[in-house]
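In: below are the sequence and a predicted model; questions follow.
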Amino acid sequence: MKNMESSTTRSIVDALTKAIVDHRLQPGTKLAEQKLADHFGVSRTLVRQALFQLSQNKLIRLEPARGAFVAAPAVDEARQVFAVRRMLEAEMTREFVRTVTPAKIKALKEHVALEKSAVSGEDISGRTELLGDFHVRMAELMGNQVLAQILGELISRCALITLMYQSTSAAEHSNDEHADIVKALAARDEERAVRLMTEHLEHVEANLTFDRKVPTNDISLALS
């Protein structure tokens, strides 16, 4: 019974995640428990569990006495995060080239292969996490845990906006650019690696379609 409940909760989480990242539900839309329970043919308890999981992923926000709402990403904050990341990661890339080893390149190539698999499999939350983790992985391979932690925090601050506003083609492009960065690192071509990293972060930011029109805030329509 427990397993059946958890798989039902999972399917509700997956359906709502897809509706949010596919922009079928607008930021700010109220997710009424009873409406969702009726739509999925389940108890409000299971809906509540699913909404709690989505709040942990920052896709929705839970407000006391008001209920659940689709989260609204902070566009200005995301732009500021990318500005800081460009400053940090240019220098990180220079340092990586100076300390590069075959083992480090092998680890990055393995990570890029995982990204490719998630992108081609249309695993939206998985690809968002892996594409962000590439940058954290570089810092970890350099042995700089402080930098890895700072980058992880910066990336998580704009993870929601990336999840909600990055198209599949833009994700594929990011994966290709990561592969090119690894090639430049392997060749110890410092200037090319730094240029590719800076351009990559500019492309990621530019490809976030912040002004994308969203068609509905009707839950039944969005989930059908």
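Out: Happy to help now that I have it.

In: how about the nearest residue to the residue nearest the centre of the chain, chain neighbours excluded?
Out: Among the residues of the chain, the smallest C-alpha distance to the mean C-alpha position (Cα atoms, centre = their mean) belongs to Thr128, namely 3.1 Å. By the measure of Cβ to Cβ, 6 or more residues apart in numbering, the closest residue to Thr128 outside its immediate chain neighbours is Leu163, 4.7 Å from it. (C-beta placed from N, C-alpha, C; glycine too.)

In: and the next helix or strand past the host helix or strand of that neighbour?
Out: Assigned by DSSP states H and E, Leu163 belongs to helix 159-165. Beyond helix 159-165 on the C-terminal side, the first helix or strand identified by DSSP H and E is helix 168-186.

In: which other helices and strands contact that next one?
Out: The elements that helix 168-186 packs onto, with contact taken as 3 or more Cβ pairs under 8 Å, 6 or more residues apart in numbering; DSSP states H and E, are helix 75-98, helix 102-120, helix 124-141, helix 190-206.

In: please parse this protein into its domains.
Out: 1-70, 75-207 (the TED database).

In: any chance of TSV for those domains, columns mean pLDDT?
Out: Listed next are those as TSV, based on pLDDT from 0 to 100:
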stretch	mean pLDDT
domain 1-70	88
domain 75-207	93
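
In: ok, how many other residues are close to Gly126?
Out: Residues lying near Gly126 (other Cβ atoms under 10 Å) number 15.

In: going forward, begin numbering at 4 instead of 1
Out: Okay, using 4 as the starting number, the last item reads as Gly129.

In: thinking again about what came up before, and the helix holding Leu166, what other elements does it pack with?
Out: With contacts taken as 3+ Cβ pairs under 8 Å, 6+ apart, helix 162-168 sits against helix 5-24, helix 78-101, helix 127-144.

In: which of these sits closest to Ala187?
Out: helix 78-101 (8.1 Å; Cβ to Cβ).

In: residues touching the closest one, excluding its own?
Out: With contact meaning Cβ atoms under 8 Å, 6 or more residues apart in numbering, helix 78-101 is reached by 107, 138, 141-142, 144-145, 147, 150, 153-154, 157-158, 160-161, 164-165, 184, 188, 191-193, 196-197, 200-201, 204-205, 207-208, 211, 213.

In: how far off centre is the helix holding Leu166?
Out: From the chain centre to the centre of helix 162-168 is a distance of 5 Å (Cα atoms, centre = their mean, to the nearest Å).

In: one more: stretch 49-64?
Out: How far stretch 49-64 lies from its chain's middle: 16 Å, per Cα atoms, centre = their mean.

In: list the buried residues for that stretch?
Out: With burial defined by 16 or more other Cβ atoms under 10 Å, the residues of stretch 49-64 counted as buried are Leu49, Val50, Arg51, Gln52, Ala53, Leu54, Gln56, Leu57, Leu62, Ile63, Arg64.

In: could you find the closest non-adjacent residue to the third one?
Out: Taking Cβ to Cβ, 6+ apart as the measure, Arg51 lies nearest to Glu36, with 6.4 Å between them; neighbours along the chain are not counted.

In: what residues are up against that neighbour?
Out: Applying Cβ under 8 Å, 6+ apart to Glu36 gives the contacts Arg47, Val50, Arg51, Leu54, Gly70, Ala71.

In: from these, which land in strands?
Out: With strands taken from DSSP state E, the overlap with those comprises Gly70, Ala71.

In: could I get the contacts of Glu36 as a markdown table with distance to Pro30?
Out: Shown next, in a markdown table, are those (distance: Cβ to Cβ, whole Å):
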| residue | distance to Pro30 |
| --- | --- |
| Arg47 | 24 |
| Val50 | 20 |
| Arg51 | 21 |
| Leu54 | 16 |
| Gly70 | 15 |
| Ala71 | 13 |
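
In: understood, closing this out.
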